[in-house]
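the following block contains a protein sequence and its predicted model.
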Amino acid sequence: MSAARTRCDRTAAWGQLQERFRTAGSSFDLRDAFAQDPDRFTRFSLQAPHVFADLSKNLVDAGTEQLLLALGRDSGLEAHRAAMFAGERINNTENRAVKHWLLRAPRDAQAPDSVAVHETLEAMLAYAEHVRADADITDVVNIGIGGSDLGPQMAVAALDAFRIRGKRFHFVSNIDAHELDAVLQPLRPERTLFLIASKTFTTLETMTNARSARVWFQQQGGSDVARHFAALTTNVEAARQFGIATTFGFWDWVGGRYSLWSAIGLPLAIAIGAGRFQAFLAGAHAMDQHFRTEPLERNLPARLGLLDVWYRDFHRFGSRSIAPYHSALRRFPAYLQQLEMESNGKGVDAQGQPLPFDTSPVLWGEAGTNGQHAYFQMLHQGTERVPVEFFAVREPAHRIPGHHELLLANALAQAQALMQGRVDPGGHRNFTGNRPSTFFVLDALTPESLGALIALYEHRVFTSGSVWGIDSFDQWGVELGKVLATDLAGRLQAGATEGLDASTAGLLRRLRP
């Protein structure tokens with residue numbers, strides 16, 4: 001039985017935070033805070049495994065921080081965290097445990113799930129090494145969607161410096177066949193390996209693309225589906241009927257957006273090799289241990305999750321911008337969108353009761369310095385304040401002189417400008433400043449540090465969802481559209497509009513060939 005939680009708005013700390021915001025929080029000025037406390041950077045910085053975070057440019061002081069920590073304790077965050085790591089069924093709407101953390105933990109002979117996890121991991125890594133050694137395979141095409149696409153695609157790009165040369169990696173997710181067609185056009189079937197990533201082997205987009213890829217393979221002269229297709233699925237029989245002999249499964253306690261650590265990570269394992277994939281898991285495990293054991297005051301995921309509650313429900317910030325100043329992290333904002341918005345974009349609590357407060361913000365962003373020439377105008381001078389999260393890597397993976405210093409200088413300058421602002425009596429060059437940001441630093445972008453960074457965000461999302469009293473591990477919001485799409489696909493073929501609302505009927509007639 002999962003530990004009892006108290007929804008945040010029913011705690012004493014919630015009311016105290018409301019008063020704190022009314023009397024001090026709403027008028028808090030970062031410039032005054034730094035002027036009054038020369039040690040603010042030190043007080044509001046935190047080192048976690050492989051990740052350093054400067055929280056000093058956020059709209060909090062010591063008093064607010066203490067109330068946020070009390071909110072976490074009063075809401076039952078620590079007991080909820082313990083319940084997750086104990087394997088309790090904290091995903092209450094689906095009656096499932098939440099054990100993605102087990103996928104990166106060392107083998108425990110006393111735990112049957114751990115033994116099964118490592119047996120699957122070893123088989124997957126052995127297959128990855130086999131593919132890496134096969135010079136005839138030059139292209140690997142991952143076909144999935146959601147967590148079966150965003151995670152491996154992001155990670156393969158992020159760790160490109162460690163990627164095996166001589167093999168290209170492609171990702172197809174959209175049911176729009178323009179994407180699949182563009183990937184397939186330059187490929188040769190005898191040189192291509194397709195990875196079909198679907199837990200049930202029934203996902204509409206994935207299986208539509210998989211069948212079309214098989215048709216292309218056979219029409220181009222491919223004759224050995226079993227050699228050129230592998231499946232990341234639990235539905236071994238369906239994969240066999242498709243013609244696939246090589247399958248790697250995972251468990252119902254692994255949600256899609258938390259599945260990168262499982263067989264879904266096979267593209268990454270092929271790209272960086274078994275040893276580095278193990279290092280990737282080790283970095284995440286180190287962050288798991290940090291989140292699991294550190295007190296809330298020194299717990300980086302918990303501190304960030306509580307800050308998210310402060311910003312969303314007291315400052316009423318509706319979005320957060322993700323600004324990675326490293327081109328290899330260009331897919332990180334998209335990955336975080338699913339992780340946070342699918343997890344915490346909920347309007348009811350874990351008991352199904354409507355919430356009287358807001359939950360997940362909108363996440364969005366772009367790699368720096370490109371974002372500076374796109375949307376930073378709004379961040380600096382727009383009518384809404386948007387918290388920004390900067391990511392900088394101290395050591396570059398390239399050897400081209402002069403660039404990295406300029407990149408880091410731009411990241412530092414943007415965070416500085418958001419906070420300090422500039423006064424211009426004429427108005428057009430006036431920067432109001434006092435705009436919050438968090439600055440993350442990695443010594444280098446490695447398998448270990450990337451694993452730790454992703455796990456940090458997983459636990460951050462857990463923290464805010466726990467305090468809000470919601471189930472962060474279901475995703476019922478994606479179901480209705482899927483059901484309606486199945487009906488409308490048949491209607492598009494037949495031209496049947498009876499029973500539809502006027503708008504849908506009119507659009508169907510307009511779109512039908």
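In hand now; what should we look at? Numbers count the residues shown, from 1 in each chain.

average pLDDT across the helix or strand containing residue 178?
Per DSSP states H and E, residue 178 falls inside helix 177-184. Taken as a whole, helix 177-184 has a mean pLDDT of 98.

name the residues of that helix that are buried.
180, 183-184 (16 or more other C-beta atoms under 10 Å). The way it works is simple: take the backbone N, C-alpha and C, and place the C-beta from them, glycine included.

nearest to residue 6 among those?
residue 180 (48.4 Å; C-beta to C-beta).

if I look at that closest one, how far off is residue 288?
According to C-beta to C-beta, to the nearest Å, residue 180 and residue 288 sit 36 Å apart.

and for residue 140, the neighbour number?
22 (other C-beta atoms under 10 Å).

helix/strand/coil for it?
Under DSSP: H, G, I helix; E, B strand; the rest coil, the three-state class of residue 140 is strand.

so it sits right up against residue 195, yeah?
Yes: contact status for residue 140 versus residue 195: in contact at 6.6 Å, counting by C-beta atoms under 8 Å.

now for these two: what residues contact both?
Counting by C-beta atoms under 8 Å, 6 or more residues apart in numbering, the common neighbours of residue 140 and residue 195 are residue 267.

which strands or helices does the helix or strand harbouring residue 113 pack on?
Using DSSP H and E, residue 113 maps to helix 112-133. Judged by 3 or more C-beta pairs under 8 Å, 6 or more residues apart in numbering; DSSP states H and E, helix 112-133 is in contact with strand 246-248, helix 266-272, helix 274-293.

relative to residue 175, which of these is closest?
Closest among the helices and strands packed on helix 112-133, once you apply C-beta to C-beta, is helix 266-272, at 19.8 Å.

outside of the closest one, which residues touch it?
With contact meaning C-beta under 8 Å, 6+ apart, helix 266-272 is reached by 124-125, 127-128, 131-132, 140, 142, 152-153, 155-156, 159, 162-164, 167, 169, 171, 195, 230, 232, 248, 260, 277, 280, 447.

next helix or strand past the helix or strand where residue 303 lies?
Residue 303 belongs to helix 300-313 when elements are defined using DSSP H and E. Using DSSP H and E, the helix or strand that follows helix 300-313 towards the C-terminus is strand 319-325.

can you give me the strands in the stretch 1-150 of the chain?
45-48, 51-54, 139-143 (DSSP state E, counting those that start in this stretch).

thought residue 384 was touching residue 318?
Yes: Residue 384 lies in contact with residue 318 (C-beta under 8 Å); the separation is 7.4 Å.

residue 226: neighbour count?
Residue 226 has 12 neighbours, counted by other C-beta under 10 Å.

helix, strand, or coil at it?
When classified by three-state DSSP, residue 226 comes out as helix.

ok, now how distant is it from residue 212?
Taking C-beta to C-beta, one finds residue 226 at 19 Å from residue 212.

same question for stretch 310-323: list its buried residues.
310-315, 317, 320-323.

and residue 475, what are its phi and psi?
phi -150, psi 50 (degrees, to the nearest 10).

now it: closest residue in space, sequence neighbours ignored.
residue 342 (5.1 Å; C-beta to C-beta, 6 or more residues apart in numbering).

let me know the secondary structure of the one you found.
Assignment for residue 342 (three-state DSSP): helix.

contacting residues for it?
Residue 342 neighbours (C-beta under 8 Å, 6+ apart): 146, 257, 475, 477-478.
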